[in-house]
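Enquirer: just a sequence and a predicted model for now, questions to come.
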Amino acid sequence: MHQESPALPSEGRPSRHVVEVTGGSPGQWTFDVLDQDRWSRLTEEERKAARHRAVKRRQNRRRSRRMRDNGPRDRYTPEQIGDRDAWRCVICHGAVKREYRAPHPCTASVHHLVEVAAGGTDTLDNVALAHLFCNSDASAWGQKPPAEARRRLADRVLHGAHGPGRRDRTPDATAVTLAAEIMSA
């Protein structure tokens, strides 16, 4: 007995994604719905998440293309960079602990000394260890002196991410201890 296979998209294979970015600019992206049936079953919150993932895929593809175009690339892990850099953050000069995982602000991350967007390579001589928050803060707001970077990291640990009522939040004992540790470095 012959069974019909389900209809496939035009490329001849099922799509993993529901939407893809087709153009626009940040804040004004345009999307193409790849699977109308799946899209119609999603809630508005799930649609927003699918659009966000599509934008992230586009950004990651662009960054990967830049890294390839900038020259040679080395294979490494954050643990290898941490061992090489004695588990010290290159931005705030504080200790980076292995046990934290994203999205914690003290998570170990790889910082490019010359940014990929500015033509920096993805090689061992252009990377250093940094706290996740120090890395993203320096990228967004510019490099700060180590003492200022430590103060900003401690503030994030104490009060969490930005938003309404951020200063009204009462930090727990663990956050207070960690913030004091960060400031004493």
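Expert: Structure received.
Enquirer: show me where the chain has its strands.
Expert: Secondary structure of the chain (DSSP state E): strands at 19-23, 30-33, 108-112, 127-131.
Enquirer: and the contacts of the second one?
Expert: If I follow you right, that is strand 30-33. When contacts are defined by Cβ atoms under 8 Å, 6 or more residues apart in numbering, strand 30-33 is touched by residues V18, V19, E20, V21, T22, G23, G24, W39, R51, A54. In this view, the C-beta of every residue, glycine as well, is placed from N, C-alpha and C.
Enquirer: now these in CSV, with distance to P103, pLDDT and neighbour count?
Expert: Shown next, in CSV, are the contacts of strand 30-33 (distance: Cβ to Cβ, whole Å; pLDDT from 0 to 100; neighbours: other Cβ atoms under 10 Å):
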residue, distance to P103, pLDDT, neighbour count
V18, 24, 92, 23
V19, 24, 93, 21
E20, 26, 94, 17
V21, 24, 94, 17
T22, 29, 92, 11
G23, 30, 91, 10
G24, 27, 90, 12
W39, 28, 94, 15
R51, 20, 95, 16
A54, 21, 95, 20
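Enquirer: Q80: which of these is nearest?
Expert: Nearest to Q80 out of the contacts of strand 30-33 is A54 (Cβ to Cβ; 32.0 Å).
Enquirer: list the helices and strands the longest helix seen in the chain packs on?
Expert: If you go by DSSP state H, the chain has its longest helix at helix 44-69. Other elements packing on helix 44-69 under the criterion 3 or more Cβ pairs under 8 Å, 6 or more residues apart in numbering; DSSP states H and E are strand 19-23.
Enquirer: if anything else comes up later, I'll come back, but that's it for now.
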